[in-house]
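Novice: 3D, please:
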Amino acid sequence: MSDNANNSSTKAEPKNDFIRNIIRSDVEAQKYEQIVTRFPPEPNGYLHLGHVKSICLNFGVAKEFDGICHLRYDDTNPTAEKQDYIDNIKNDVQWLGFEWAGEALHASSYFDQLYKWAVQLIEQGDAYVDLQTPEQIKENRGSFTEAGTPSPQRDASVADHLALFEDMKNGKFADGKAVLRAKIDMSDANMNMRDPILYRVMHQAHHQTGDKWCIYPMYDFAHPLSDALEGITHSLCTLEFEDHRPFYDWIVAKVGFETPPHQYEFSRLNVDHTLTSKRKLKQLVDEGIVKGWDDPRMPTVAGMRRRGYTPEGLRDFCDRVGVSKADGVTDMRLLEFSIRQSLDDTTARGMAVLKPLKVTITNFSAAVSQWEALKADSVNARWDVDAQTLWLTQPKHPNVEDMGERDIPFTKEIYIDKGDYEIEPPAGYKRLSPEKPEIRLRNTYVLAVTEHITDDSGTVVELKATIDPTTLGQNPEGRKVKGVIHWVSASQGIPAIVRLYEPLFSVEDPSSVSDVHQVLNPDSLTVLNAVVEPSLVAADAGTRFQFEREGYFISDSEEHSTDRPVFNQIVSLRDSYKPA
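Specialist: Residues are numbered from 1 along each chain as shown. Take a look at the predicted model:
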């Protein structure tokens, strides 16, 4: 399945939630000629898991109701924005399987019009220039129990405010020395309505408009008016913007639009042990706690892509989470379930030993020399006498013939996982031990351990064993052996770096902690020197596999090569979690 699969849902039944019910009612009432939504990220960081829900919702409802969805950058703060962020946002949206209508849009493209509307508001008596310091403005804003104090400049003449605003635009004020504010109500119970700031002075070049402006609109001013300019019918935001809706409606009404957009809020996506604050994620990057925005431990789209998550799995996850007004926390295992579901039929199999323990098969030559006479009809193999290697041909996927086959070398010395042999096994242990010396090696023979060798600390460092030549690919009558383990040839297996991941944070809600350093999980990354079968190394970077008995992995998109294979763990092979 392609990463750029179409954006149809993995669920056949129509989706049903309060936003879709609103849109469905509007469509039936012919309220709009066409449904128009938008995904409006600020380009001040990489997109994260929370944005995925918004992307799926905005693009999803547009498709479902034969509408269109815009990609618009709300780029009103050039001090925090970069072209790198802009480029990655585009890549992420497309990788998730969505396409926006026309060209990507920028709020900065509307700066001329936004400035004219700011002037209009001053002329209407709905805005004024405030010369208080930022500290004074904050102090005079009041509190939830006390009304704010009006600015000394609030009731100056329209002409004075127009002149001051012109001076702001012409660079006559330093940063922080003047702002344009809406004139609403300094005693409003909603703090967002207490004369919010519309424009601030910022002597900073903009990545789109260059040095044209030294004043920039605030997000809460530019965002609703950009929606209105683009004919957005349903402005879909997360719940933290609910208190901003009165100002959204106020500013659109004051400027004047025949068909104004309407804002609807839905619950944001909260996943346990996960941060979705761009500011805090940027802190992790800036301090080197993670290796960039695309570190596979990061909940960014770039990080999840590099880790091997699939767009199909992420879309399925968002479908399962659904859309509601109620905030809550989603179990990370639901995300892993969706990713695992998307991988089962799409990934080739292979064997990788993550913690190698050497096994020497003492009767290898004598036993394998009999393979041709004793082999089962189901075994596809060839003997290379010069290399003393039995090449076993197996399907890359047990149920998908189109994936083809792979050749696995079986030699005198192999590796099994250290965890597959215990001198003193715990209760319920079903693998190798002195009391249970026999087990089947996947795709080959029954192996019997005859001796274990330990180092000075008592750790097992090597096993001696024999194989039963009559058991290649079969269990002869009366020969019952329980348990199958994977293995890799010691001489022809390929050394590889394998990275295992746990949550980056050790607490369920890292956003509740002021200092993220206190809740970092020291085991979030484990790097192993593994050995893998040759077929895994030959694949291109960015190829997903199931390592048999271990889990799903991807060859790292940045560092993997045939000379130095690197694999990232995607998810474990299975989990007891079952979604409702």
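Novice: C-alpha only now, for contacts and for neighbours.
Specialist: Fine.
Novice: now residue 435: how far from residue 450?
Specialist: Using Cα to Cα, to the nearest Å, residue 435 is found at 11 Å from residue 450.
Novice: go on, residue 64?
Specialist: 64 Å.
Novice: what's the answer for residue 238, then?
Specialist: Distance from residue 238 to residue 450, counting by Cα to Cα: 63 Å.
Novice: between those two, which is the more surrounded one?
Specialist: residue 238 (18 against 14; other Cα atoms under 10 Å).
Novice: pretty sure the more buried one contacts residue 268?
Specialist: Yes. Assessed by Cα atoms under 8 Å, residue 238 is found in contact with residue 268 at 5.3 Å.
Novice: okay, now the unreliable bits of this structure?
Specialist: For the chain, applying pLDDT under 70 flags the ranges 1-13, 375-378, 476-478, 576-580.
Novice: apply 80 and report the result again.
Specialist: Applying pLDDT under 80 to the chain flags residues 1-14, 371-378, 473-479, 575-580.
Novice: biggest helix in it by residues?
Specialist: The helix spanning the most residues in the chain, taking DSSP state H as the definition, is helix 49-64.
Novice: show me what it is packed against.
Specialist: In terms of contact count using 3 or more Cα pairs under 8 Å, 6 or more residues apart in numbering; DSSP states H and E, helix 49-64 is assigned the packing partners strand 36-39, strand 68-73, strand 234-238, helix 311-321.
Novice: from the chain's centroid, how far away is stretch 454-467?
Specialist: Relative to its parent chain, stretch 454-467 has a centroid offset of 42 Å by Cα atoms, centre = their mean, to the nearest Å.
Novice: in it, what's buried?
Specialist: 460, 462, 463, 464, 465, 466, 467 (16 or more other Cα atoms under 10 Å).
Novice: ditto for stretch 280-294
Specialist: Buried positions in stretch 280-294, judged by neighbour count with 16+ other Cα under 10 Å: 281, 282, 284, 285, 290, 292, 293, 294.
Novice: spit out the contact partners of the fourth one.
Specialist: The one in question is residue 285. 291, 292, 293 (Cα atoms under 8 Å, 6 or more residues apart in numbering).
Novice: nearest to residue 158 among the residues you listed?
Specialist: residue 293 (47.4 Å; Cα to Cα).
Novice: and the strands in the stretch 201-350 of the chain?
Specialist: Taking DSSP state E, counting those that start in this stretch as the criterion, the stretch 201-350 of the chain carries its strands at 215-217, 234-238, 262-266, 348-350.
Novice: who touches the first one?
Specialist: The set of residues external to strand 215-217 that reach it, using Cα under 8 Å, 6+ apart, is 76, 77, 111, 114, 168, 169, 198, 199, 200, 201, 202, 203.
Novice: inside helices: which ones of these?
Specialist: Judged by DSSP H, those include 111, 114, 168, 169 as members of helices.
Novice: which one of these is nearest to residue 309?
Specialist: Relative to residue 309, the closest of those is residue 111; by Cα to Cα it sits at 38.2 Å.
Novice: strands of the stretch 351-500 of the chain, residue ranges please.
Specialist: 352-353, 356-361, 381-384, 389-395, 405-410, 413-417, 438-441, 446-454, 460-467, 484-485, 488-489, 494-501.
Novice: contacts only, for residue 449.
Specialist: Counting by Cα under 8 Å, 6+ apart, residue 449 has contacts 432, 434, 437, 438, 463, 464, 465, 466.
Novice: again with residue 93
Specialist: Residue 93 makes contact with 55, 99 under the criterion Cα under 8 Å, 6+ apart.
Novice: got the angle between the host helix or strand of it and helix 311-321?
Specialist: Under the criterion of DSSP states H and E, residue 93 resides in helix 83-95. Between helix 83-95 and helix 311-321, the angle comes out at 80 degrees (axes from the mean of the first three to the mean of the last three Cα atoms, to 10 degrees).
Novice: any idea which helix or strand comes after helix 83-95?
Specialist: Under the assignment DSSP H and E, the closest C-terminal helix or strand after helix 83-95 is strand 105-106.
Novice: need the contact partners of that next one.
Specialist: Residues from elsewhere that reach strand 105-106, judged by Cα under 8 Å, 6+ apart: 70, 71, 72, 73, 74, 75.
Novice: tally of neighbours for the residue nearest to the fourth one when sequence neighbours are not counted?
Specialist: Think residue 73. Counting by Cα to Cα, 6 or more residues apart in numbering, the nearest residue to residue 73 once its immediate chain neighbours are dropped is residue 106, at 4.7 Å. For residue 106, the tally of surrounding residues (other Cα under 10 Å) stands at 18.
Novice: same thing with residue 385?
Specialist: 10.
Novice: list the buried ones in stretch 417-425?
Specialist: For stretch 417-425, burial by neighbour count (16+ other Cα under 10 Å) applies to 417, 418, 420, 421, 422, 425.
Novice: can you give me the end-to-end span of stretch 203-218?
Specialist: Using Cα to Cα, the end-to-end distance of stretch 203-218 comes out at 15 Å.
Novice: tell me how far it is from the chain's mean position?
Specialist: 31 Å.
Novice: again with stretch 498-517
Specialist: Centre-to-centre, stretch 498-517 and its host chain are 15 Å apart (Cα atoms, centre = their mean).
Novice: please apply the same query to stretch 465-472.
Specialist: 46 Å.
Novice: same check on stretch 256-274?
Specialist: Mean-position distance between stretch 256-274 and its chain equals 20 Å (Cα atoms, centre = their mean).
Novice: go on, stretch 311-325?
Specialist: Distance of stretch 311-325 from its chain centroid, counting by Cα atoms, centre = their mean, is 13 Å.
Novice: pull out the buried residues from it.
Specialist: Within stretch 311-325, the residues that count as buried by 16+ other Cα under 10 Å are 311, 312, 313, 314, 315, 316, 317, 318, 319, 321, 323.
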